[in-house]
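Engineer: can you look at this prediction? I've put the sequence above it.
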Amino acid sequence: MKNLTKLLLAIIFFVLLGAIIGLYYRYTSQEQQTIFNLATLLGFYVSIYGLAVALWQIMALQNITKSTQSAVAQTREKVEQILSISDIAKIVTTIRIIEEYINSEKYELAKLRLCDVKDFMMRVEFIGKIELDIEEFGRLKKRVEIDLNSIDKQMSNKAKLDKIIFCQDMEEIASMLSRIENQLKSK
Amino acid sequence: MEKKYSELIQRLYKLTKERKLEWRKTSSENEYMLELNAATFAISKGIEYYNNSASEFIAVSMYNDKNMVIPIVSVMAGDNEYPFLESLYNEAVDSCTKETETLEKVLEELDRLDLPF
C-alpha cells in the first residue's frame, strides 16, 4: 500500500472517529454517556473500519494477481512465438539440405531428414495465431508421405526417384513454411 | 477388389476420363497422384519379381487426413480387374501429360493453317 493511501486512510479514520465521538456526545443523554457505551461504540467502529480496509485490500490484490497472470501469459505467448519462428527457419534449412542429399543420391540421409520435416508438419497446426490454409497444408503433408515412399522405392530399387519433382515438392513445402514464418514475425 | 473400392475406382475412372479430375506426377517412377480435399490417391505401375518370373502390377492407395496409407487395390497382369485398372492408369497419365488434349489442339491448329483462305 502506498504511503499516500495509508495517510489518507488514517485521516479518514480519525475524521470519522471525531465525527462519531461528536455525535455520541451530542445525541446521547447524560445518563447513557458512560465509558462502557463509548468503548462499545468505538470498538464497533474500529471493527467495521478494519473490515472495510481488509476487503478493499483483498480486492486490490486480486486485480494485481489478474494483471500479473495476464502479463505472464503474454510473455509466454511471445516466447512461444519466437521459438516457433526459430523452429520453422530450421526446418526450411533442413528442406534445402534434403534437396542437396537427393541431388547427391544420399537417399538414407534424405529420408532421415524428411522424417523430421514430417514430424514438424504434424506440429505446425498447433502453433497459435497463424492463418493456415488447412486443405493446402493437408495436401502438402500427404505429399511428404508420398515422397518418403518414393525414397523407399528408390533405395529398394523398385522405382527410380524423379529428383526434379521431388525438389519441386520440397520447394512448395518450404514456401508454405516461409509464409507462416513471415506471418509470425509480423505479429 | 472389395465392392466399396470397386465403386470408388469406377467413379475415379469416369471423372478422370471426363477431365473433371487432374492427376499429377509423383516423385516416383510410373506413379501418379490425385489430390482431393479429403484424401490423396496414388496409382502406380511396376514389375513384381516372384519365383524367377516377372509380372506387371498396378496398385492404387489412398492417403488419409492422418497421413496413413490405405491400400485400395493391387492387381497383377492376368487378373480380371487388371485391364480396367490399366485403363485408369492410362487415363491418369493422359490427365497429367494432357497428351490427347494437346494433340487435338495441334490438329485443330494445323487444320486452320491448312485452309485455302
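Structural biologist: Sure thing, it's come through. Numbers count the residues shown, from 1 in each chain, chains lettered A, B, ... in the order given.
Engineer: domain ranges for chain A?
Structural biologist: With domains defined by automatic domain parsing, chain A comprises A:3-68, A:73-185.
Engineer: turn these into a markdown table, including mean pLDDT.
Structural biologist: Shown next, in a markdown table, are the domains of chain A (pLDDT from 0 to 100):
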| stretch | mean pLDDT |
| --- | --- |
| domain A:3-68 | 89 |
| domain A:73-185 | 90 |
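Engineer: now render the ones you listed as a markdown table, adding distance to B:Asn64 and mean neighbour count.
Structural biologist: Where C-beta positions appear, they are placed from N, C-alpha and C, glycine not excepted. Formatted as a markdown table, the domains of chain A follow (distance: least, CB to CB, whole Å; neighbours: other CB atoms under 10 Å in any protein chain shown):
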| stretch | distance to B:Asn64 | mean neighbour count |
| --- | --- | --- |
| domain A:3-68 | 44 | 11 |
| domain A:73-185 | 8 | 16 |
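Engineer: chain B: which of those domains is closest?
Structural biologist: Minimum separation from chain B across the domains of chain A (CB to the nearest CB) falls at domain A:73-185, 3.8 Å.
Engineer: what about whichever helix in chain A runs longest, near chain B?
Structural biologist: Longest among the helix segments of chain A by residue count, using DSSP state H, is helix A:35-103. No: Helix A:35-103 stays clear of chain B (CB under 8 Å from any CB of the partner chain), getting no nearer than 8.9 Å.
Engineer: distance from the chain centre to that helix, please.
Structural biologist: Centre-to-centre, helix A:35-103 and its host chain are 10 Å apart (CA atoms, centre = their mean, to the nearest Å).
Engineer: dihedrals phi and psi, the nearest residue to B:Val69 once chain neighbours are set aside?
Structural biologist: In space, and not counting its chain neighbours, B:Val69 is closest to B:Ser61: 5.4 Å by CB to CB, 6 or more residues apart in numbering or on different chains. For B:Ser61, the backbone dihedrals (degrees, to the nearest 10) come out as phi -130, psi 160.
Engineer: B:Ile47 now?
Structural biologist: With angles defined as degrees, to the nearest 10, B:Ile47 sits at phi -120, psi 130.
Engineer: could I get the pLDDT score of it?
Structural biologist: Per-residue confidence at B:Ile47 stands at 87 (pLDDT).
Engineer: surely it is in contact with B:Ile58?
Structural biologist: No: counting by CB atoms under 8 Å, B:Ile47 sits too far from B:Ile58 to count as a contact (11.0 Å).
Engineer: and of the domains of chain A, who's closest to B:Glu31?
Structural biologist: Ranking those by proximity to B:Glu31 (CB to CB) places domain A:73-185 first, at 6.9 Å.
Engineer: between the two ends of the closest one, how far is it?
Structural biologist: This stretch, domain A:73-185, spans 19 Å end to end (CA to CA, to the nearest Å).
Engineer: within range of chain A, give me the residues from chain B.
Structural biologist: Within chain B, the positions lying close to chain A (CB under 8 Å from any CB) are B:25-31, B:33, B:35, B:37, B:39-40, B:42, B:44, B:46, B:63, B:65, B:67, B:69.
Engineer: buried among those residues? Make that a PyMOL selection.
Structural biologist: Listed next is the PyMOL selection for buried residues among the residues of chain B next to chain A, using 16 or more other CB atoms under 10 Å in any protein chain shown:
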select buried, chain B and resi 25+26+27+28+29+30+31+33+35+40+42+44+46+63+67+69
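Engineer: can you find the helix or strand in chain B with the smallest mean pLDDT?
Structural biologist: helix B:99-113 (a mean of 85; mean pLDDT, DSSP states H and E).
Engineer: gap between that one and the chain center?
Structural biologist: Using CA atoms, centre = their mean, the offset of helix B:99-113 from its chain centre is 23 Å.
Engineer: so how far is B:Ile72 from the residue most central in space within chain A?
Structural biologist: In chain A, the centroid-proximal residue (CA atoms, centre = their mean) is A:Glu77; its distance is 3.3 Å. Taking CB to CB, to the nearest Å as the measure, A:Glu77 falls 44 Å from B:Ile72.
Engineer: what does B:Leu21 give?
Structural biologist: Using CB to CB, B:Leu21 is found at 15 Å from B:Ile72.
Engineer: cool, A:Arg179 as well?
Structural biologist: Distance, A:Arg179 to B:Ile72, by CB to CB: 33 Å.
Engineer: what do you get for A:Lys129?
Structural biologist: 38 Å.
Engineer: what's the answer for A:Ile173, then?
Structural biologist: To B:Ile72, A:Ile173 is 25 Å away according to CB to CB.
Engineer: mind jotting down where the strands sit in chain B?
Structural biologist: Secondary structure of chain B (DSSP state E): strands at B:24-25, B:31-35, B:40-50, B:53-63, B:69-76.
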